[in-house]
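Student: kindly return the folded structure for what I paste below:
(chains A and B)
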Amino acid sequence: MSTLIRSAATPVWLLLMAATVAGYAIGEDRPFGLSPGQASVTVLALALVKIRFIVRYFMEIRHAPLPLKFAFDAWIVVAGISTIGIYLIS
Amino acid sequence: MPSIPGVADPVAERHPRFPGNVPGEAGIYIFILGDMLLYTLLFGSFMVDRRGNVNLYNASADTLHVTFGMINALLLLTASLLVFWGVRSVRENLTPRRAPRFFVGAIVCSLGFIGNKYFEYAGLICEGHTPVENAFYTYYFVLTGIHLTHLVAGTLVLIFLWRVASKKARTRTDIRAMESGAAFWHVVDLLWIMLFALLFLVR
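Tutor: Below you'll find the model as predicted:
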């Protein structure tokens, strides 16, 4: 069991849980005088970073061949364009 | 060369230029990436429509139950950790008796999500917000609804993973099947991470 807990995925999970709560707080309360625009871009960017961690650590793509790593990173870029990109021109 | 304990590198033997390990069947990634690509089209469509109706979208998003969305994200992330532990446990033959329980835990998280979804949808509809009210709600119910179908399929996959983990002995084919199923589950998780930000938090 301790071997499992000492997987890299475990601290990543803690980070993702904290980042989820942080995203919620940023989106709902907009601390530090963030404008809605800044908060929205931040939560979307945070979502993409979280997704990359899920892909790399939970899906173990970290150990995968380069083409597969690239495919997922390319998706993250496309998702970023279709969300943050379009948001910025809204 | 990166390596995962307990796993040979069949891919490295076949493609020496691209060392690494492909978890599960390679074909699952065509399905997964195709599915994810469809989602980016939906994200883009939502954002483009939002461009022309920003105030409507923001006002509608204000009526959503954000806490439910966050709790759902936390449930899926936890299920993903349990799935990761479960797959590793089976693959490397660690904690053989506990491995099935990780998947039971993931199934409980998944059922929690489904229960939350029921209350969330029921709450919105009781407040008068139906899928036909406006474009935002249509997107909201359709996007989360499609995700819910993925999640139900994911729950069936978790049950499959639990069954394989419960077997007395597992073959390499079993391990690959488990890794494929786990990959699908993680995609269900990561899509919710994006949907939560997009539908609930963006203003």
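Student: from here on, contacts and neighbour counts on C-alpha atoms
Tutor: Will do.
Student: now do the same contact list for residue B:112.
Tutor: Taking CA atoms under 8 Å, 6 or more residues apart in numbering or on different chains, we find residue B:112 in contact with B:72, B:75.
Student: tell me which residues in the one helix or strand it maps to are buried?
Tutor: In this structure, residue B:112 is located in helix B:99-126 according to DSSP states H and E. Under the neighbour-count criterion of 16 or more other CA atoms under 10 Å in any protein chain shown, helix B:99-126 has B:99-107, B:109-114, B:116-117, B:120-121, B:124 buried.
Student: residues in contact with the residue lying closest to residue B:117 once chain neighbours are set aside?
Tutor: Nearest residue to residue B:117, sequence neighbours excluded (CA to CA, 6 or more residues apart in numbering or on different chains): residue B:68, at 7.9 Å. Neighbouring residues of residue B:68 by CA under 8 Å, 6+ apart: B:116-117, B:120.
Student: distance check, residue B:68 against chain A.
Tutor: 11 Å (CA to the nearest CA, to the nearest Å).
Student: cool, residue B:193 as well?
Tutor: Distance from residue B:193 to chain A, by CA to the nearest CA: 6 Å.
Student: CA atoms of the host helix or strand of that residue as PDB?
Tutor: Secondary-structure assignment from DSSP H and E places residue B:193 in helix B:172-195. Taking C-alpha atoms only, helix B:172-195 is exported to PDB below (Å, rounded to 0.1, in the frame of the first residue of the first chain):
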ATOM      1  CA  ARG B 172      -1.000  -9.700 -19.900                       C
ATOM      2  CA  THR B 173      -4.200  -9.300 -22.000                       C
ATOM      3  CA  ASP B 174      -6.100  -8.700 -18.800                       C
ATOM      4  CA  ILE B 175      -3.600  -6.000 -17.800                       C
ATOM      5  CA  ARG B 176      -3.900  -4.300 -21.200                       C
ATOM      6  CA  ALA B 177      -7.700  -4.400 -21.000                       C
ATOM      7  CA  MET B 178      -7.600  -2.900 -17.600                       C
ATOM      8  CA  GLU B 179      -5.200  -0.100 -18.800                       C
ATOM      9  CA  SER B 180      -7.500   0.600 -21.700                       C
ATOM     10  CA  GLY B 181     -10.500   0.800 -19.500                       C
ATOM     11  CA  ALA B 182      -8.700   3.000 -17.000                       C
ATOM     12  CA  ALA B 183      -7.700   5.400 -19.900                       C
ATOM     13  CA  PHE B 184     -11.300   5.800 -20.800                       C
ATOM     14  CA  TRP B 185     -12.200   6.500 -17.200                       C
ATOM     15  CA  HIS B 186      -9.500   9.200 -16.900                       C
ATOM     16  CA  VAL B 187     -10.900  10.900 -20.000                       C
ATOM     17  CA  VAL B 188     -14.400  11.000 -18.400                       C
ATOM     18  CA  ASP B 189     -12.600  12.800 -15.500                       C
ATOM     19  CA  LEU B 190     -10.700  15.300 -17.600                       C
ATOM     20  CA  LEU B 191     -13.700  16.200 -19.700                       C
ATOM     21  CA  TRP B 192     -15.600  17.100 -16.500                       C
ATOM     22  CA  ILE B 193     -12.700  19.300 -15.400                       C
ATOM     23  CA  MET B 194     -13.100  21.300 -18.600                       C
ATOM     24  CA  LEU B 195     -16.900  21.300 -18.500                       C
END
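Student: next secondary structure after the lowest-mean-pLDDT helix or strand in chain B?
Tutor: Least confident helix or strand of chain B, by mean pLDDT, DSSP states H and E, is helix B:10-14 with a mean of 45. Using DSSP H and E, the next helix or strand after helix B:10-14 towards the C-terminus is helix B:27-51.
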